[in-house]
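*Asks:* Sequence first, predicted model second:
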Amino acid sequence: MPGEGIRPMFRSLAIAASGLSAQRKRIETIATNIANAETTRTPEGGPYRRRVVALEEEAGPSVWFAQPPASHPLEVPQVRVPDPLIVADSAEALGGVRVSGVVEDGTEGSLVYDPLHPDADESGYVRYPNVNITEEMMHLMESRRVYEANATVFQAVKSMLKRATEI
């Protein structure tokens, strides 16, 4: 899990790094989809099936502030608070993103009449992969932009940490 066992001041770097890793996996998967957009026969049989990266949010660890025992009656108990570097709507602080798996898209590809194609059925139709190049290119651009945004966050946090050590 990003951020687990990492000091709070470096947790932001781990979160940005998890985003970089997840987007890299998406870009690789999209590239595979585009490369196989015309593959009508796979070792498993049938046309290539589009693959999609499943991402999920990771709940980051909260920081525990333990107060030393006090003899005063207004003693403050141990309180669990979210990491101050991360703002979240939920009670748990966010801890980044992780790839939960790569799954096949179950939709059927287009059926094209091509009786001379080696993979044509007895009626002369060929089942093509369910890959839409236009959609894949849109997803690729989106992934690239999110990757760049995570890289920018990583560099900004790194710069802030460097300046903090110079104080």
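*Replies:* Thanks, I have it.
*Asks:* hey, let's count contacts and neighbours off CA atoms from now on
*Replies:* Fine.
*Asks:* can you pull the buried residues of the strand of greatest length in the chain?
*Replies:* Selection of the longest strand in the chain by residue count, based on DSSP state E, yields strand 94-104. Neighbour-count burial for strand 94-104 flags 94-99 (criterion: 16 or more other Cα atoms under 10 Å).
*Asks:* min pLDDT across these, which one?
*Replies:* Minimum pLDDT across those is recorded for Leu94, with 61.
*Asks:* Look up phi and psi at the residue nearest to Arg127 when sequence neighbours are not counted.
*Replies:* Excluding its sequence neighbours, the residue lying closest to Arg127 (Cα to Cα, 6 or more residues apart in numbering) is Leu111, at 4.6 Å. Here is the backbone geometry of Leu111 (degrees, to the nearest 10): phi -110, psi 120.
*Asks:* Check the burial of Leu111 by counting its neighbours.
*Replies:* 14 (other Cα atoms under 10 Å).
*Asks:* contacting residues around it?
*Replies:* Counting by Cα atoms under 8 Å, 6 or more residues apart in numbering, Leu111 makes contact with 125-128.
*Asks:* quick one: the helix or strand hosting Thr32 to strand 94-104, angle?
*Replies:* Applying DSSP states H and E as the criterion places Thr32 in helix 8-35. Here the directions of helix 8-35 and strand 94-104 differ by 20 degrees (axes from the mean of the first three to the mean of the last three Cα atoms, to 10 degrees).
*Asks:* in helix 8-35, what counts as buried?
*Replies:* Quick answer for helix 8-35 (16+ other Cα under 10 Å): 8, 11-27, 29-30, 33-34.
*Asks:* what about this protein, any weak spots by pLDDT?
*Replies:* 1-6, 59-94 (pLDDT under 70).
*Asks:* try 90 this time
*Replies:* Scanning the chain for pLDDT under 90 picks out the ranges 1-12, 44-45, 57-96, 106, 164-167.
*Asks:* What ranges does it have for its strands?
*Replies:* Going by DSSP E, the chain shows strands at 51-59, 63-65, 79-81, 94-104, 111-113, 125-127.
*Asks:* Sheet-wise, list the partners of the longest one with their directions.
*Replies:* Neighbouring strands of strand 94-104 in its sheet, by DSSP bridges, are strand 51-59 (antiparallel).
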